[in-house]
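[1] sequence first, then the predicted structure:
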Amino acid sequence: MAGPLDGVRILDLTSNFMGPYASLLLADMGADVSKVESRQGDTTRGVGPCRHPGMSAIFLHLNRNKRSIVLDLKSRDGNAALKRMMRTADVLLYSLRPRSMAGLGLSYQEAREINPRIIYCGTYGFGQNGPYADRPAYDDLIQAAVGMPVLQSRKSGPPDYVATAIADRVVGMAATSAVSMALFHRERTGRGQEVQVPMFETFAHFVMGDHLYGHTFRPAIGDWGYARMMNPDRRPYRTRDGYLGVNVYTDQHWQRFFTLAGHPDMGRDPRFADIHGRTQHIGLLYEFLARTFETRTTAEWVALLTEADIPVIEMNTPESLLDDPHMKEVGFFVDQEHPSEGRLRALGIPQQWSESSPELRHPAPRLGEHSAQLLAEYGFSEDEIGDLLDCGAVHGPRVREVAADDREGGGHDAG
């Protein structure tokens, strides 16, 4: 097997970050993901440094283990080709707004008529029962919509976005989970279904589980925002020569740390003796920690805290993470040869599986690289594929070109 989802066929109509991250996780688990693109290709093909147009760093990381087919879904023949592929697909994953899908004749009602067993999963901005249903959505917009920049500002100044596509990736993970659970339900019942994964509601669920806080109760019995997370002093601690990540958390951690720091009396102070008191006075504790950690070097603190079984780790930079001894030992960063892009640094698959271990099967595809190959696998004859290529409904190398290229061990750039 090539992963726990080996044999699952997914038609991936997503683009940008959120949907492709969901299909990446599914592809890494062994699913056969057909990335359906327009002639222009996924927007992220142009995001970040690249050796060749259309093969950017961001695209390469989001789209490995997938194959690319270019279909003009607005053309009669291209649209019909996708619907024919849907007959034997397990999952249709899309990020267009539902109104756009319906305009293409690809609503769930129409998909279900083609294949009653299909899992039809939409990843888009807003739930369809609210007034924002037709609005476009991107990571920055959703961070703003759930109040994350305000939460950041209460720690560090003006409202600010988190420095990663956190909403896209969190919601992408939620979509991966939803698809997997729908597939499990189908295994039990034989029935497909529609699954909707809206960004706004999904990310609000992620953020507000921490920050509803005192307003969990009606009437409220406290402020908004998890106090420890919101404290401006919750940050890596400066040592004499660097920075540390430290999480002194349990009662036992704190008692040992107070002793280690030469202040065992603080462990008997009712403000600090248990987690309830510490939460109310977390600002005082963070100030104490900051002063204390500046008194020794990073290496000294790592040794002392590790001996005391207090969670600690030296702060990495993106550069030093590449040389982190743990990451090296587990093989997290791996070199991968791409047929057109040369040697790449790829991210390994972080999970380990005893019975169905997934693997890096192939790097991110060039635009339309697998169009003919995929159509053939979905039952189209060579003549039918030729006709689709001739009329422009499909773009990519022809079956004979793919076969010749495979024999020569090379790759055909259809982009």
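    Good, I have the coordinates. The model shown is predicted, which means the values in this text are computed figures rather than measured ones.
[2] check contacts around residue 311.
    Residues near residue 311 by C-beta atoms under 8 Å, 6 or more residues apart in numbering: 246-249, 253, 305. In short, each C-beta sits where N, CA and C put it, glycine included.
[3] next, give me the two most distant ones among those.
    Farthest apart among the contacts of residue 311 by C-beta to C-beta are 249 and 305. That separation is 12.4 Å.
[4] re the thing from before, nearest to residue 214 among the contacts of residue 311?
    residue 249 (20.8 Å).
[5] tell me the secondary structure of residue 244, please.
    Classification of residue 244 using DSSP: H, G, I helix; E, B strand; the rest coil returns strand.
[6] hang on, isn't it packed against residue 314?
    Yes - Residue 244 sits in contact with residue 314 when judged by C-beta atoms under 8 Å, with a separation of 6.3 Å.
[7] overlap of the contact sets of the two?
    Common neighbours of residue 244 and residue 314 (C-beta under 8 Å, 6+ apart) are 298, 302.
[8] count the neighbours of the nearest residue to residue 2 once chain neighbours are set aside for me.
    Nearest non-adjacent residue to residue 2, counting by C-beta to C-beta, 6 or more residues apart in numbering: residue 30, 4.5 Å away. Residue 30 has 22 neighbours, counted by other C-beta atoms under 10 Å.
[9] one more: residue 369?
    Residues near residue 369, counting by other C-beta under 10 Å: 26.
[10] that one and residue 108, how far apart?
    30 Å (C-beta to C-beta, to the nearest Å).
[11] also residue 364?
    From residue 364 to residue 108 the distance is 29 Å (C-beta to C-beta).
[12] between those two, point out the one with more neighbours.
    residue 364 (27 against 20).
[13] got the phi/psi numbers for the nearest residue to the more buried one once chain neighbours are set aside?
    Among residues not flanking residue 364 along the chain, residue 63 sits closest, at 4.0 Å (C-beta to C-beta, 6+ apart). With angles defined as degrees, to the nearest 10, residue 63 sits at phi -130, psi 20.
[14] the residue nearest to residue 2 reaches residue 180, doesn't it?
    No - judged on C-beta under 8 Å, residue 30 makes no contact with residue 180 at a distance of 11.7 Å.
[15] who touches both of these two?
    Residues touching both residue 30 and residue 180 (C-beta under 8 Å, 6+ apart) are residue 5.
[16] assign residue 67 to helix, strand or coil.
    strand.
[17] contacting residues for residue 212?
    Contacts of residue 212 by C-beta under 8 Å, 6+ apart are residue 224.
[18] whoops, I mixed them up, residue 239
    293-294, 296-298, 300-301.
[19] how about a cut-off of 7 Å?
    Residue 239 is in contact with 293-294, 296-298, 301, counting by C-beta atoms under 7 Å, 6 or more residues apart in numbering.
[20] what about the residue nearest to it when sequence neighbours are not counted, how many residues nearby?
    Spatial nearest neighbour of residue 239, excluding adjacent residues (C-beta to C-beta, 6+ apart): residue 298 at 4.5 Å. Residue 298 has 19 neighbouring residues, counting by other C-beta under 10 Å.
[21] how about residue 267?
    So residue 267, with other C-beta under 10 Å, has 15 neighbours.
[22] and it, what does it touch?
    Contacts of residue 267 (C-beta under 7 Å, 6+ apart): 254-255, 258, 273.
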